[in-house]
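Colleague: The amino acid sequence is not available; the structure is as follows:
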């Protein structure tokens, strides 16, 4: 297990004894409360500066704030994933067994994020009496997969980091969602954001195939390193993402571009840059 240091910054931020359960649980809890704080901060700031936000229903406000939180997490995940993919020589040399102190730090914070997101999703489903099975399945596999890494401290971090890199589309999905809610759903800026979002979903498929290539080319080593129970969960999650979730989200996002429909509230269409319910309750704009 290689837990290499990377200068003074690494020593200050990442230099923890990750073998200790106390350290791993503290960082998981830190990730959870950091993103709870981001969620609450997004709500407070949006309430102060956005009149459109104040008109949203409670369910839509939750979706707005979770989108912003997920977008920020996506930025963190992209940095960590691209660093492992393109820069870090340890992960370049060994894609099965390698670990770094910085990768421990990011993966543990990411575990806290998925714990936070799962709590928000389940509480929202109970309060608003909804159930998005695809989102629940996605976050279940994400959290259980990272939890397996926390339990098995010998498991390599390259594949989990590539899993975090799949969050590359969330910042653009967040931007598209917020723009549609503040009345810019038919603008060139929104369309450009949506095009980039679609492109990122295509890139997700490329990275999913890369993860398959790593697994297949090092099959016995991956199974040995992860352990059979963790490998089964990882394999099921990767298969679900590749065959069901990512193709479905790519279809819905492309459909949204050409026929704008609120991706989180399918009974709502976007017209003239504002949201309009399909039951003919229209929003009348004042003419000057």
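Modeller: That came in fine, so what should we check first? From a predicted model like this one, the values you see are computed outputs, not experimental measurements. Numbering: from 1, shown residues only.

Colleague: which residues in the stretch 1-150 of the chain form helices?
Modeller: With helices called from DSSP state H, counting those that start in this stretch, the stretch 1-150 of the chain shows them at 7-13, 21-49, 51-54, 58-82, 89-93, 101-128, 133-151.

Colleague: how deep is the closest residue to residue 215 other than its chain neighbours tucked in, by neighbour count?
Modeller: In this structure, residue 215 finds its nearest non-sequential neighbour in residue 222, 5.3 Å apart by C-beta to C-beta, 6 or more residues apart in numbering. Just so you know, the C-beta spots here come from the backbone N, C-alpha and C atoms, and that holds for glycine as well. By other C-beta atoms under 10 Å, 22 other residues sit near residue 222.

Colleague: can I assume residue 222 sits in a helix?
Modeller: Yes: counting by DSSP: H, G, I helix; E, B strand; the rest coil, residue 222 is part of a helix.

Colleague: Contact partners for it?
Modeller: Applying C-beta atoms under 8 Å, 6 or more residues apart in numbering to residue 222 gives the contacts 96, 159, 214-215, 231.

Colleague: just residue 106 next, same as before
Modeller: Residue 106 neighbours (C-beta under 8 Å, 6+ apart): 76-77, 80, 161, 164.

Colleague: Quick one: mean pLDDT over the one helix or strand residue 163 maps to.
Modeller: Secondary structure from DSSP states H and E places residue 163 in helix 158-165. Per-region confidence: helix 158-165 scores 94 on mean pLDDT.

Colleague: The residue nearest the centre of the chain and residue 138, how far apart?
Modeller: Against the mean C-alpha coordinate of the chain, by C-alpha atoms, centre = their mean, the closest residue is residue 167 at 4.3 Å. Taking C-beta to C-beta, to the nearest Å as the measure, residue 167 falls 11 Å from residue 138.

Colleague: And the residue nearest to residue 215, what's its pLDDT?
Modeller: Here the pLDDT value assigned to residue 222 is 94.

Colleague: Contact partners for residue 127?
Modeller: Per C-beta under 8 Å, 6+ apart, neighbours of residue 127: residue 58.
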